[in-house]
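Trainee: sequence and predicted model, in that order:
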Amino acid sequence: MALGVVTGSLMWSFSAALGLGAIMLANAWMFEVIRYIGVCYLMYLAYNSAKAAVSNSETAIPALANKTLSGAYRRGLFLHLTNPKAILFFGSLYSIGVPPGTPLSGVMVVFLSVGALSATIFVGYGVLFSSAAFARAYSRLHRLFNSVFALAFGSAGVKILFTRFA
């Protein structure tokens, strides 16, 4: 699943490097639409995290519905390609963080850095959550983690909603 998410990150990064960021910068309304979708998604995540924090459920880490490697890969890829935060992040990264006129070598450094960082983080998550000891520890602390996630997602959503990008 982690490799699917990494592939999705690379696809969004590549799309943004080829001009998604420039399109968003030239069409401020598109950036605003994606921003509001991202805010809604963050609030949805905050709600779900808060609900999980107060639930009596003992299952903190749901099992994958797809038991095959290809099914898990597709699930991770689809998850990341439909994530509005990823669209907003990569569009912002290349439209704001990579100045116009940056040579191709500079854009490639950003692209490769994003790929390496994504692989490290998401594969690291996969390895951690595959460990029975970590899964048990997370199960004991899932209410605390979900409470923190609810506050973080909610705060990020409110901050993005009220930040002016002009």
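Mentor: Yep, it's here. Remember, predicted model here, so these are calculated numbers, not experimental data.
Trainee: go ahead and confirm residue 43 touches residue 157.
Mentor: Yes. Applying CB atoms under 8 Å as the test, residue 43 and residue 157 come out as touching, 4.8 Å apart. Heads up, the C-betas are built off the backbone N, CA and C, glycines and all.
Trainee: pick out whichever of those two has more residues nearby.
Mentor: Ranked by neighbour count (other CB atoms under 10 Å), residue 43 and residue 157 place residue 157 first, with 19 against 16.
Trainee: pull the distance from the helix or strand harbouring the more buried one to the chain's centre.
Mentor: Element membership of residue 157 [criterion: DSSP states H and E] is helix 132-162. On the basis of CA atoms, centre = their mean, to the nearest Å, helix 132-162 is displaced by 14 Å from the centre of the chain it belongs to.
Trainee: where does this protein dip in pLDDT?
Mentor: 20-22, 24-25, 57-66, 165-166 (pLDDT under 70).
Trainee: need phi/psi at the spatially most distant residue from the centre of it.
Mentor: Computed with CA atoms, centre = their mean, the maximum C-alpha offset from the centroid of the chain is found at residue 101, amounting to 27.7 Å. Backbone dihedrals for residue 101, given as degrees, to the nearest 10, come out at phi 90, psi 0.
Trainee: could you check how far it is from residue 112?
Mentor: 20 Å (CB to CB, to the nearest Å).
Trainee: repeat for residue 138
Mentor: Using CB to CB, which is the criterion applied here, residue 138 is 31 Å from residue 112.
Trainee: more neighbours: which of the two?
Mentor: The neighbour count for residue 138 versus residue 112, taken as other CB under 10 Å, is higher for residue 138 (16 against 12).
Trainee: which residue ranges of this structure form strands?
Mentor: Per DSSP state E, the chain has no strands. Nothing in it meets that criterion.
Trainee: all helices in it, in order from the N-terminus.
Mentor: 2-15, 21-26, 28-54, 69-81, 84-96, 104-130, 132-162 (DSSP state H).
Trainee: for the longest one, which positions count as buried?
Mentor: Residues of helix 132-162 classed as buried under the neighbour-count rule (16 or more other CB atoms under 10 Å) are 138, 142, 146, 149, 150, 153, 154, 156, 157, 160.
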